[in-house]
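*Asks:* Sequence first, predicted model second:
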Amino acid sequence: MTAEPAAAGPENAPTGSAAGRDPAAVLRFIERFASNLVEAGFARMPARVFVALLASDSGRLTAAEVGEVLQVSPAAVSGAVRYLTQINLVTREREPGSRRDYYRVHDDAWHDAILGRDQLMSRWDAAVREGITVLGAGTPAGRRLELTREFFEFVRTQIPVLLGEWRERRAKFRETAAGGREAPADP
């Protein structure tokens, strides 16, 4: 039987008490940011879990650690993580020889989420084209769908441009953050 890794150290603690952070203030931040995500369409528990992972220095926690921070059961965390992995904001990892799952939010989570939206917009575009055919291009509904299709096309052509600019900006940020040395890329 393989021994489980030791409990996570202060580097994993989202409350960062070892870093001199006030755990209550960190929890308030998590709840406020999660509320903003809920207003944008996220389900409440996935939003809270995502922000708890963002707020951890390592970006990597177990369900029990997230549950401790959010004061919820590991089962509630597990359901939220299932959703977050489906939308590519969180990945599930396991140490070799361990039975414990770790959930990680990568530094580029938003970048990856935008890439996923581009693929989703392609599917929406196909559905809208079908609607234009069914409803008739010259009808008010057809024209509205055509405008929607134009918007999707515009966004899909701009996403690669924006992401290219982001990669340049990210490289400069990492260089600056590393004090002139290239900071390690997200694993």
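*Replies:* Cool, the structure landed.
*Asks:* So the residue nearest the centre of the chain versus Gly116, what's the distance?
*Replies:* With distances taken as C-alpha atoms, centre = their mean, Leu89 lies nearest the centre of the chain, 2.9 Å away. Relative to Gly116, Leu89 is positioned 9 Å away (C-beta to C-beta, to the nearest Å). Backbone N, C-alpha and C define where each C-beta goes, glycine included.
*Asks:* now Leu163
*Replies:* From Leu163 to Gly116 the distance is 12 Å (C-beta to C-beta).
*Asks:* swap in Ile132?
*Replies:* From Ile132 to Gly116 the distance is 25 Å (C-beta to C-beta).
*Asks:* So the two - more neighbours on which side?
*Replies:* Ile132 (18 against 14; other C-beta atoms under 10 Å).
*Asks:* Wait, the more buried one touches Gly138, no?
*Replies:* No - counting by C-beta atoms under 8 Å, Gly138 is not a contact partner of Ile132; they are 10.0 Å apart.
*Asks:* Mind naming the longest helix for this protein?
*Replies:* helix 140-177 (DSSP state H).
*Asks:* Just the buried residues of it, please?
*Replies:* Across helix 140-177, burial judged by 16 or more other C-beta atoms under 10 Å covers Gly142, Leu145, Glu146, Thr148, Arg149, Phe152, Arg170, Arg174.
*Asks:* Stretch 84-94 now?
*Replies:* Result for stretch 84-94 [16+ other C-beta under 10 Å]: buried residues Leu84, Ile87, Asn88, Leu89, Val90, Thr91.
*Asks:* What of stretch 28-39?
*Replies:* Buried residues in stretch 28-39, counted by 16+ other C-beta under 10 Å: Phe29, Ile30, Phe33, Ala34, Leu37.
*Asks:* Run a quick check on the third one versus Val51, I expect a contact.
*Replies:* Yep, that's Phe33 we're talking about. Yes - under the criterion of C-beta under 8 Å, Phe33 makes contact with Val51 at 4.6 Å.
*Asks:* hey, where'd the helices end up in this structure?
*Replies:* According to DSSP H, the helices that the chain contains are 23-39, 44-55, 63-70, 74-86, 109-135, 140-177.
*Asks:* for the ones you listed, which one sits closest to Glu95?
*Replies:* Distance to Glu95, taken as C-beta to C-beta, is lowest for helix 63-70 among those, at 14.2 Å.
*Asks:* Count the neighbours of Gly138 for me.
*Replies:* With other C-beta under 10 Å as criterion, Gly138 counts 8.
*Asks:* Distance check, it against Glu146.
*Replies:* For Gly138, the distance to Glu146 - C-beta to C-beta - is 10 Å.
*Asks:* in the worst-scoring helix or strand of the chain on mean pLDDT, what's buried?
*Replies:* Ranking every helix and strand in the chain by mean pLDDT, DSSP states H and E puts helix 109-135 at the bottom, with a mean of 86. By neighbour count on 16+ other C-beta under 10 Å, the buried set for helix 109-135 is Ala109, His111, Arg117, Met121, Asp125, Val128, Gly131, Ile132, Leu135.
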